[in-house]
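J.: Next come a sequence and a model predicted from it.
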Amino acid sequence: TSQLLTDLLVESGIQVGLYASVCFIGFAAWLNLPVDFALRDMFARLWMRFPVLSEPNRLYAISRFCRYLKQSISSGFDVYRSLELAAEASNHPTILNGIDHARSRLKEGTSLTDALLAAQILPEEVVEHIEIGEQSGRLQERLQFLTDRYDDRSVERFDRQMAACLWLIRYTIMIGIIGMVL
């Protein structure tokens, strides 16, 4: 019996070591892929579609969009380049797909607010705050407010969804155990 247990432990240790090595090499290769690599982009877009993670990710993408828009405008970039950088930083499919429409509207001479409204890439609340910031001359303060607000909302939403999933998993396990006992 002790020989069988030793063999089992040695074989299990070898399998765990091989699995860990494959995982490490795979993750190292994944993290060293170029940012604009098509497979990595496809994975990110699919990841955004998971029901549990999609809403917190969308809120966090809006936060990142506002953060990078504020930073690039305050760094002296023009609005066209700022929108492009903010959309790339958000890495959200809706924002990435609609930013060209917003930039073309800006080239026609509309305001940033009208361009974002026409593109329909951000919630109306965000666009209203941007409009207030444009009209008052405090766009950077409004964008900072939106960044903080959507960061908090993202964390709140993620915590609620994880709590709901945890509740569901616990009761599923309890029902499974009761079913097996009966």
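T.: Thanks, I have the structure now.
J.: and the next element down the chain from the helix or strand bottoming out on mean pLDDT in the chain?
T.: Of the helices and strands making up the chain, the lowest-confidence element is helix 38-47, at a mean of 70, by mean pLDDT, DSSP states H and E. Once the chain leaves helix 38-47, the next helix or strand it forms, by DSSP states H and E, is helix 51-74.
J.: Would you mind listing the buried residues in that next one?
T.: 53, 55-73 (16 or more other CB atoms under 10 Å). (Each C-beta comes from the backbone N, C-alpha and C, glycine too.)
J.: what comes up buried for the helix or strand following it?
T.: Counting by DSSP H and E, the element after helix 51-74 in chain order, helix or strand, is helix 79-90. Along helix 79-90, these residues count as buried under the neighbour rule (16+ other CB under 10 Å): Val79, Ser82, Leu83, Glu84, Leu85, Ala86, Ala87, Glu88, Ala89, Ser90.
J.: And those, which is closest to Leu146?
T.: Nearest to Leu146 among the buried residues of helix 79-90: Ala86, at 11.6 Å, using CB to CB.
J.: so what's the closest one up against?
T.: For Ala86, the contact set (CB atoms under 8 Å, 6 or more residues apart in numbering) comprises Arg64, Phe65, Cys66, Arg67, Tyr68, Leu69, Ser72.
J.: nearest residue to the fourth one other than its sequence neighbours?
T.: Taking CB to CB, 6 or more residues apart in numbering, and ignoring the residues beside it in sequence, Arg67 has Thr147 as its nearest neighbour in space, at 4.5 Å.
J.: picking up where we left off before, for the contacts of Ala86, which one is nearest Gly109?
T.: For Gly109, the nearest member of those is Leu69. The distance, counting by CB to CB, is 19.7 Å.
J.: from memory the closest one sits against Ser82, does it?
T.: Yes - under the criterion of CB atoms under 8 Å, Leu69 lies in contact with Ser82, with a separation of 5.5 Å.
J.: Pro34 in helix, strand or coil?
T.: coil (DSSP: H, G, I helix; E, B strand; the rest coil).
J.: gap between it and Arg103?
T.: Taking CB to CB, to the nearest Å as the measure, Pro34 falls 24 Å from Arg103.
J.: For the two, indicate the residue with more neighbours.
T.: Neighbour comparison, Pro34 and Arg103: the larger count goes to Arg103, with 17 against 7 (by other CB atoms under 10 Å).
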